[in-house]
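K.L.:
Following is a predicted model, sequence given first.
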Amino acid sequence: MAETQDTSRELIVRGGERTGYWFLNDYVEMLATGEDTEGRYTLFEVNGPPGDEPPLHLHHNDDEAFLVLEGELEVWIGSTHTTLRPGDYALLPKGVPHIYRVSSAEPARWLVLLAPAGFDNFLRAVSRPAEEARIPDPPAPPTPADAERLGALAAESGMDILGPPGARP
């Protein structure tokens with residue numbers, strides 16, 4: 001007896017249907033959440049301004065991958081340091097400290113895939129719904145309470161914040 005393919009997991013997201021978030025300094029559009037993929041992965045598109053970089057961190061549970069679409073990202077993955085340009089891909093494996101910085105003079109745009117899913121919950125917890133499809137205005141400098149909250153939410157999501165933006169592995 002031939003097996004039929006289960007098509008209940010098909011997912012199509014049109015450009016105008018993406019949910020946008022202002023995540024730290026970035027504009028992020030969610031393409032696939034853990035709910036959409038039965039926990040297998042999270043996929044989103046990031047638009048970051050020149051000089052943007054998150055805190056130095058590592059993921060305990062999920063591998064992270066970047067595919068650069070526009071601009072340049074300088075990445076530090078453990079002891080590896082390189083620049084990614086359009087078309088370049090990098091895997092940032094779980095358990096390895098990493099950070100990126102938008103090194104181009106113009107904003108960068110890249111896809112981020114995390115597997116398994118879970119980071120999407122962290123992203124939503126620390127973001128606010130985007131009022132417009134654009135990079136947000138620069139936020140006020142974080143307070144110690146902001147940094148403490150970010151660290152606590154990261155820990156709940158299986159990540160460690162290892163240092164502030166600008167820290168290197």
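P.N.:
Nice, thanks for sending it over. Note that the coordinates shown come from a computational prediction; the quantities given were computed from them, not determined experimentally.
K.L.:
How much space separates residue 146 from residue 55?
P.N.:
Using CB to CB, to the nearest Å, residue 146 is found at 11 Å from residue 55. In this view, the C-beta of every residue, glycine as well, is placed from N, C-alpha and C.
K.L.:
more neighbours, those two?
P.N.:
Ranked by neighbour count (other CB atoms under 10 Å), residue 146 and residue 55 place residue 55 first, with 20 against 13.
K.L.:
What helices and strands are in contact with the worst-scoring helix or strand of the chain on mean pLDDT?
P.N.:
The least trusted helix or strand in the chain, going by mean pLDDT, DSSP states H and E, turns out to be helix 144-156, with a mean of 90. Here helix 144-156 touches helix 119-126, strand 159-163, going by 3 or more CB pairs under 8 Å, 6 or more residues apart in numbering; DSSP states H and E.
K.L.:
Stretch 82-90: which residues count as buried?
P.N.:
84, 90 (16 or more other CB atoms under 10 Å).
K.L.:
now stretch 72-80
P.N.:
For stretch 72-80, by 16+ other CB under 10 Å, it's 72-77.
K.L.:
Is it correct that residue 133 is in contact with residue 27?
P.N.:
Yes - contact criterion CB atoms under 8 Å: residue 133 and residue 27 qualify, at 6.8 Å.
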